[in-house]
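*Asks:* Pasted the sequence and its predicted model underneath.
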Amino acid sequence: MNLTQLGWTEELEKQFNEYKSEGLTVGRIALEHKRIYRIFTEAGELLGEVSGKFRFQALGRESFPSVGDWVVISARPEEGKATIHAVLPRFSKFSRKLAGETTEEQIVAANVNTVFLVNALNNDFNLRRIERYLLMAWESGATPVIILSKADLCEDVEEKLAEVESVAFGVPTFIVSAHNGEGLEPLLNYLTPGQTVALLGSSGAGKSTLTNYLIGKEKQLVQEVREGDDRGKHTTTHRELVLLPNGGLIIDTPGMRELQLWEADDATEQVFHDIHELEEQCRFRDCTHGTEPGCAVKQAIKDGTLTQGRFDSYVKLQKELAYLARKDDIRAQLAEKAKWKKLTASSKKR
């Protein structure tokens with residue numbers, strides 16, 4: 001495999017320089033299963049595990065390799081294996097809070113150039129979910145593109161498109177139907193050699209069908225959505241980096257009906273810039289948009305230029321981010337404590 005075709009850049013080359021003298025090489029994580037990794041390398045596909053030193057120094061789940069990561073390895077091609085010694089800095093990462101009570105980051109995809117946010121135009125269409133995905137996409141460092149799929153199942157396509165454009169300011173939006181082959185060809189422009197696209201969306205949104213089209217073969221099994229609510233069954237069960245014949249790369253991901261935020265403070269101004277602009281017009285700088293006089297946000301809702309649903313979504317996401325910030329402070333303190341505990345235990349052994 002050619003490293004450039006896999007997305008290798010001059011910046012990555014600079015970051016790798018410090019490891020060259022150790023006789024190490026690089027590869028890109030294509031698949032991860034229980035800390036066993038399939039790695040794309042110039043020597044072909046290798047199975048890898050992290051070194052003992054790597055495991056010892058890891059501060060948490062986010063320190064370990066994720067699909068799309070570039071890793072520094074000692075390769076053993078004759079065995080089809082490799083040992084992972086380091087993860088090179090990520091230029092983008094799409095993260096969410098791990099499901100459950102623990103406040104822990106789950107990296108869904110790393111080093112992605114473009115994120116295809118796939119949303120079905122059937123009964124499962126959800127504008128609030130699109131806002132949430134946009135928030136995470138902008139925060140990731142990748143460029144979001146909205147794909148409105150299953151156009152053949154929608155009778156009011158233009159109305160739905162107008163709704164999306166009202167919350168996705170300036171984000172490229174494509175209406176497609178894999179069933180009819182409608183609108184798919186322009187998507188190939190994002191999959192030029194060395195460019196990585198991640199497909200994100202809830203179950204039943206049509207990601208697997210879209211992946212099959214972009215790959216050019218039936219790699220992913222396609223399942224029918226449930227009758228009644230149009231919600232899909234999980235087709236993709238794991239994240240995987242796939243190299244396309246033309247040199248582009250795709251990361252398909254399992255459906256995520258509940259996307260819990262990890263961090264998105266900087267992205268809120270991009271996704272909700274209409275509300276931020278209104279806040280600047282409020283009479284009081286610390287306006288809570290409750291009972292204060294001269295509130296531009298309340299006036300916009302009254303005038304109909306801002307919907308109550310969009311404002312409620314904004315408030316909900318702000319509360320979620322504030323809660324995460326508080327939890328993350330505690331988590332950082334515990335991580336620092338655990339690190340020093342490790343170091344103390346190691347020094348005592350010596």
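*Replies:* Noted; the coordinates are in hand.

*Asks:* Could you verify my assumption that residue 119 touches residue 210?
*Replies:* No - counting by Cβ atoms under 8 Å, residue 119 does not reach residue 210; the two are 11.5 Å apart. All C-beta spots, glycine's among them, are computed from the backbone N, C-alpha and C.

*Asks:* can you list residues touching both of the two?
*Replies:* Here residue 119 and residue 210 have 147, 149 as joint contacts, going by Cβ atoms under 8 Å, 6 or more residues apart in numbering.

*Asks:* Helix or strand for the residue nearest to residue 86 when sequence neighbours are not counted, just tell me which one.
*Replies:* Using Cβ to Cβ, 6 or more residues apart in numbering and skipping the chain neighbours, the partner closest in space to residue 86 is residue 72 (4.2 Å). Using DSSP states H and E, residue 72 maps to strand 70-76.

*Asks:* same deal with residue 134?
*Replies:* Per DSSP H and E: residue 134 is located in helix 127-140.

*Asks:* what is the rounded mean pLDDT of that helix?
*Replies:* Here helix 127-140 scores 86 as its mean pLDDT.

*Asks:* And residue 123, its phi and psi?
*Replies:* Residue 123 has phi and psi values of phi -70, psi -10 when expressed as degrees, to the nearest 10.

*Asks:* ok, the helix or strand just after the helix holding residue 134: who's next to it in the sheet?
*Replies:* Remark: after helix 127-140, the chain's next helix or strand is strand 143-149, criterion DSSP H and E. Applying DSSP bridges, strand 143-149 is found paired with strand 114-120 (parallel), strand 173-175 (parallel).

*Asks:* tell me, what residue is most central in the protein?
*Replies:* Closest to where the C-alpha atoms of the chain average out (Cα atoms, centre = their mean) is residue 94, at 2.9 Å.

*Asks:* got the angle for the helix holding residue 134 vs strand 143-149?
*Replies:* 150 degrees (axes from the mean of the first three to the mean of the last three Cα atoms, to 10 degrees).

*Asks:* any idea how far the residue lying closest to residue 306 once chain neighbours are set aside is from residue 272?
*Replies:* Sequence neighbours aside, residue 300 is the residue nearest to residue 306 in space, at 3.8 Å (criterion: Cβ to Cβ, 6+ apart). Noted for residue 300: a distance of 12 Å to residue 272, by Cβ to Cβ, to the nearest Å.

*Asks:* and what of residue 28?
*Replies:* For residue 28, the distance to residue 272 - Cβ to Cβ - is 34 Å.

*Asks:* more crowded one of those two?
*Replies:* Counted by other Cβ atoms under 10 Å, residue 28 and residue 272 do not tie: residue 28 has more neighbours, with 27 against 23.

*Asks:* Before we go further, that one is sitting in a helix, right?
*Replies:* No - going by DSSP: H, G, I helix; E, B strand; the rest coil, the assignment for residue 28 is strand, not a helix.

*Asks:* ok, it - contacts?
*Replies:* So residue 28 contacts 6, 7, 39, 40, 41, 68, 69, 70, 71, 111, 241 (Cβ under 8 Å, 6+ apart).

*Asks:* All the strands of the protein, residue numbers only.
*Replies:* Listed in chain order, the strands of the chain (DSSP state E) span 25-33, 36-41, 44-50, 70-76, 81-87, 93-97, 105-110, 114-120, 143-149, 173-175, 196-200, 240-243, 249-252.

*Asks:* weakest of the ones you listed in terms of mean pLDDT?
*Replies:* What stands lowest among the strands of the chain, in mean pLDDT terms, is strand 93-97, with a mean of 77.

*Asks:* Flag the shaky bits of this protein, pLDDT-wise.
*Replies:* 97-104, 217-237, 254-267, 323-350 (pLDDT under 70).

*Asks:* Domain-wise, how is it divided?
*Replies:* 10-87, 93-252, 272-345 (automatic domain parsing).

*Asks:* In a markdown table, list these along with distance to residue 1.
*Replies:* As requested, the domains of the chain are exported to a markdown table (distance: least, Cβ to Cβ, whole Å):
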| stretch | distance to residue 1 |
| --- | --- |
| domain 10-87 | 5 |
| domain 93-252 | 7 |
| domain 272-345 | 36 |
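
*Asks:* which stretch among these comes nearest residue 2?
*Replies:* domain 10-87 (7.3 Å; Cβ to Cβ).

*Asks:* tell me how far the ends of that closest one are from each other?
*Replies:* End-to-end span of domain 10-87 (Cα to Cα, to the nearest Å): 16 Å.

*Asks:* Which parts of the stretch 251-350 of the chain are helices?
*Replies:* For the stretch 251-350 of the chain, helices defined by DSSP state H, counting those that start in this stretch occupy the ranges 268-271, 273-280, 296-303, 308-349.
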